[in-house]
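Novice: With the sequence up front, the predicted model follows.
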Amino acid sequence: MEIFLQQIVNGLVVGSVYALVALGYTMVYGILGLINFAHGDLVMVGALTALQTMMFLMGVAPGMSPIAMLTLSLLVAIPVCMLLAFTMERLAYRPLRNAPRLAPLITAIGVSFLLQTLAMIIWGRNYHTFPQLISTTPIQPIEGVFITPIQITIIIVSALMMAGLILLVTKTKLGRAMRATAENHRVAALMGVDTNMIIALTFVLGAALAAVAGVMFASNYGIAHYGMGFMPGLKAFTAAVLGGIGNLGGAMLGGIVLGLVESFGAGYIEQATFGFLNSSYQDIFAFIILGLVLIFKPTGLLGERVSDRA
Amino acid sequence: MNELALAVPWLGKRNPQAARWLVIAIAIGAPLVAMMFGRTWVRVLDFALLYILLALGLNLVVGFAGLLDLGYIAFYAVGAYTAAFLASPHFDLHTPIWIVLPLAAFFAAMAGITLGFPVLRLRGDYLAIVTLGFGEIVRIFMNNLNYPINITNGPQGINSLDPIVLFGWDLSRNIQVTEELAINSLFLYYYFFLACVVGSIIFISRLQISRVGRAWAAMRDDELAAKAIGINTRNMKLLAFSLGATFGGVSGVLFGTFQGFVSPESFSLMESIAVLTMVVFGGMGNIAGAIVGAIILSALPEILRHLAVPVQQALFGHVLLDPEVLRMLLLSLAMILMMLLRPSGLIPANAKYSHIRYLKAKGVTE
């Protein structure tokens, strides 16, 4: 029973990070029908920029409180990612908006690898230790089930950010413009929506979420490196598809479900296959889920969009 | 072959016959010239030929049939590991190449069909992600199937694969012609690979204008219309996947036996992307494009490797970008810039259609 509860906790933590990243994929896909491959790498840029800022702050003001330091580094990482996403959209994706469907996808793959390479040039190939500014000493809310303060923070921050995003999209004028653009950008433009601006804004919003996700992800594991964004990015995309791509609630649900499946899978795979497979196969669950969802229920758990759209 | 000759700048349009002889001369003479600069360059050419095979196979899937496959390297891995299992001390099997090659081709084709069946209904970007996932799954299994039963030997890979032996003639041994003169085994491999490439080119160029090739083109340009005129798109897609995979499998065998060892790191996602870039860079749906793309993008990093280090040392006093980083940088930039500036690639495909477009612009035809 303790193991079961522990897996739920682990799944929720990882799942909320996936959910945050998945939102970025789903928003962009909802509006442009483009899988922004490079979105996962924004997670990495966010984490490494924050790391750089922390290093700088530790040098300048060693006595600074951890919370202030974390906040400041987020305040640097978020704008950096936003600016990067804006540039990316402007230079690489906008000129291809009416191109044949494979073109923007190939460009997106290129952008993703370009970001990884640039990060490799700037930060090197090594794994960096990421300062864990929030305590990692586990507490036991229930006997035998461990959760660290950083994990609690991750769950709370993700929930808050998702709630904020939902409010933004459903209650504000800006959100209405975003929904209108996703529905039909030509008509939206006729109604006076500056669709180009809205599309850029969607990228930028997703990037902000990715930056936060990156910092939390790195804080949880205490590690950051140039390739850290790729796998979580793919998994977040899986989460977005699982929930129903283009659907915000779906991305969150998908993220959590995927996190849970992964942690249960990793926990029980050894027993289930009589020791033949072990937890090093953890990464295949996301791909298997992705395949199954696309084959049997391409609209995802909550989605109304059809998968044929490309 | 004709396409390749036509792609020769300047000469191709004026004197295709001469251009064809030029291409043949280059193909045959290249390793001799390369040898003057050292053995490494012959090796680079050998690998370039392997990449051409891979690019030709991927071009079938992406360029002809319009299915973006990001897990292509998995089939390469299937081929290489088949060779490693059947012809190495790992399981102490030493099957001759004539059995390994068809078996590997068969396994790779089966893998292609296994992947193809479930993803048939998906289009475009979803297909890309699912195939990427397939590639990753294969890699994860290669990395971890050393426990509890050692099948793939994990991340260390499998060593000392048997060399290619054709009719009792070992390609990995230098031929001693006279006391001083010996033909290096790299040459033997080069000409063997060249023969494979030429065979593939003939096969593919016949295929392209066959019923199947035309069905693929129709399906790529408009799937719904292709269905409406009676093309069985399901079978055509499966055929594209399995044929492309076969090419991957065969080049995998050649790669494994040539290199002598296989390990999961040769089959990373980056390699899939590299082959895709070759096809995109050269021109999708075009045999000459795939070949030129493969040559440029497999040789360029090697050239840079030899140029970049000394140049950087001269300029900055130390090495800023190591060659591997430079290769990734080039590949990713090639992909982005090509899509933005010249989406049809270095050598654009279907010259016939552009002719029609020209006539349309003149108002001659509808």
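Specialist: Good, I have the coordinates.

Novice: Every contact and neighbour count from this point should use C-alpha atoms.
Specialist: OK.

Novice: which parts of chain B sit against chain A?
Specialist: Counting by C-alpha under 8 Å from any C-alpha of the partner chain, chain B comes close to chain A at B:68, B:118-119, B:121-126, B:130, B:133-134, B:136-137, B:140-141, B:144, B:147-148, B:321, B:325, B:328-329, B:331-336, B:339-340, B:343.

Novice: List only buried entries from these.
Specialist: Among these, the ones that count as buried by 16 or more other C-alpha atoms under 10 Å in any protein chain shown are B:68, B:119, B:122-126, B:130, B:133-134, B:136-137, B:140-141, B:144, B:325, B:328-329, B:331-336, B:339-340, B:343.

Novice: okay, now the residue in the stretch 151-300 of chain A that chain B sits nearest to: neighbour count?
Specialist: Proximity of the stretch 151-300 of chain A to chain B (C-alpha to the nearest C-alpha) peaks at residue A:287, 5.2 Å away. For residue A:287, the neighbour count with other C-alpha atoms under 10 Å in any protein chain shown is 22.

Novice: ok, now which ones touch the residue nearest to it when sequence neighbours are not counted?
Specialist: Spatial nearest neighbour of residue A:287, chain neighbours left out: residue B:133 (5.2 Å); criterion: C-alpha to C-alpha, 6 or more residues apart in numbering or on different chains. Counting by C-alpha atoms under 8 Å, 6 or more residues apart in numbering or on different chains, residue B:133 touches A:284, A:287, B:71.

Novice: In strands, which of the residues of chain B next to chain A appear?
Specialist: With strands taken from DSSP state E, there is no overlap with the residues of chain B next to chain A.

Novice: Show me the buried ones among the residues of chain B next to chain A that map onto helices.
Specialist: B:119, B:124-126, B:130, B:133-134, B:136-137, B:140-141, B:144, B:325, B:328-329, B:331-336, B:339-340 (DSSP state H).

Novice: Can you spell out which helices and strands pack onto the longest helix anywhere in chain B?
Specialist: Ranked by number of residues, the top helix in chain B under DSSP H is helix B:287-316. Applying 3 or more C-alpha pairs under 8 Å, 6 or more residues apart in numbering or on different chains; DSSP states H and E, we find helix B:287-316 packed against helix B:2-6, helix B:39-59, helix B:185-209, helix B:269-282, helix B:323-341.

Novice: Let me have these in JSON lines, extended by mean pLDDT and distance to residue B:175.
Specialist: Listed next are those as JSON lines, based on pLDDT from 0 to 100; distance: least, C-alpha to C-alpha, whole Å:
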{"stretch": "helix B:2-6", "mean pLDDT": "68", "distance to residue B:175": "32"}
{"stretch": "helix B:39-59", "mean pLDDT": "91", "distance to residue B:175": "15"}
{"stretch": "helix B:185-209", "mean pLDDT": "90", "distance to residue B:175": "7"}
{"stretch": "helix B:269-282", "mean pLDDT": "89", "distance to residue B:175": "33"}
{"stretch": "helix B:323-341", "mean pLDDT": "86", "distance to residue B:175": "34"}
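
Novice: Out of those helices, which gets nearest to residue A:66?
Specialist: Within the helices and strands packed on helix B:287-316, the stretch nearest residue A:66 is helix B:323-341; the backing value is 34.9 Å (C-alpha to C-alpha).

Novice: could I have the closest one exported to CSV, CA atoms only?
Specialist: C-alpha atoms of helix B:323-341 as CSV (Å, rounded to 0.1, in the frame of the first residue of the first chain):
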residue,chain,number,x,y,z
PRO,B,323,33.8,18.8,-34.9
GLU,B,324,30.9,16.9,-33.5
VAL,B,325,29.2,20.1,-32.4
LEU,B,326,30.0,21.6,-35.7
ARG,B,327,28.3,18.7,-37.4
MET,B,328,25.1,19.1,-35.4
LEU,B,329,25.2,22.9,-36.0
LEU,B,330,25.5,22.4,-39.7
LEU,B,331,22.8,19.8,-39.9
SER,B,332,20.3,21.8,-38.0
LEU,B,333,21.0,25.0,-39.9
ALA,B,334,20.8,23.1,-43.2
MET,B,335,17.4,21.8,-42.3
ILE,B,336,16.0,25.2,-41.2
LEU,B,337,17.6,27.3,-44.0
MET,B,338,16.7,24.8,-46.7
MET,B,339,13.0,24.8,-45.7
LEU,B,340,13.0,28.6,-45.6
LEU,B,341,15.0,29.4,-48.7
